[in-house]
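Q: I would like the atomic coordinates for the input below:
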Amino acid sequence: MARLKAFQGVVQQNADIADSVVVYIEEAHPSDGWMSTDAPYQIPKHRCLEDRLNAAQLMRLEVPGCLLVVDSMENSSNAAYGAYFDRLYILQEGKIVYQGGRGPEGYRISELRDWLDQYRGRLVKSNNLVIHV
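A: Residues are numbered from 1 along each chain as shown. From the prediction side, this is the model:
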């Protein structure tokens with residue numbers, strides 16, 4: 001949950017330059033499978049889309065103000081982006097411009113924050129152009 005709070009902070013700090021989306025994928029530690037001892041919620045393996053949608057409502061509480069979408073039961077988003085368990089991406093004009101490492105070990109909110117800070121700097125510079133006539 002600390003990662004979600006850090007992510008929420010980055011979302012809020014950069015809402016003026018970036019839209020944020022959370023894609024809820026299959027449960028990494030289902031209560032009826034390989035369950036983590038420090039799991040804050042008891043969520044069983046999703047057996048249908050309704051199960052996944054219900055579990056995603058908990059995520060909505062953790063990241064308020066951020067668009068939340070749910071992966072299909074075929075896990076197409078997870079497969080396309082290699083997101084299992086957690087992964088951070090930045091897309092610009094439909095292209096991946098930042099791909100974080102696979103979580104939990106590769107999940108680095110600081111890298112995401114640094115990329116967005118650099119992007120903000122480039123925006124500021126592009127708005128301060130001097131035109132010589």
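
Q: quick one, what contacts residue 24?
A: 52, 55-56, 59, 68-71 (CB atoms under 8 Å, 6 or more residues apart in numbering). Every C-beta, even on glycine, is put in place using the N, C-alpha and C of the backbone.

Q: can you name the two of the residues you listed that are farthest apart?
A: 55 and 69 (13.4 Å; CB to CB).

Q: These two: who's more crowded?
A: Using other CB atoms under 10 Å as the criterion, residue 55 and residue 69 rank with residue 55 on top: 19 against 10.

Q: Now for the chain, the helix or strand with the poorest mean pLDDT.
A: For the chain, using mean pLDDT, DSSP states H and E, the weakest element among its helices and strands is helix 2-13, scoring a mean of 85.

Q: Can you point out the buried residues in it?
A: 4, 7-8, 10-11 (16 or more other CB atoms under 10 Å).

Q: With stretch 98-106 instead?
A: Those would be 100, 103, for stretch 98-106 by 16+ other CB under 10 Å.

Q: hang on, residue 17 packs against residue 116?
A: Yes: in terms of CB atoms under 8 Å, residue 17 counts as a neighbour of residue 116; the distance is 7.0 Å.

Q: So between those two, which is more surrounded?
A: The residue with more neighbours, out of residue 17 and residue 116, is residue 116; 18 against 10, by other CB under 10 Å.

Q: Excluding chain neighbours, what is closest to that one?
A: residue 14 (4.9 Å; CB to CB, 6 or more residues apart in numbering).

Q: Can you name the residues that contact that neighbour?
A: 20, 116, 120.

Q: Residue 60 now?
A: residue 68 are the contacts of residue 60 under CB under 8 Å, 6+ apart.

Q: and it, helix, strand or coil?
A: Classification of residue 60 by DSSP: H, G, I helix; E, B strand; the rest coil places it in helix.
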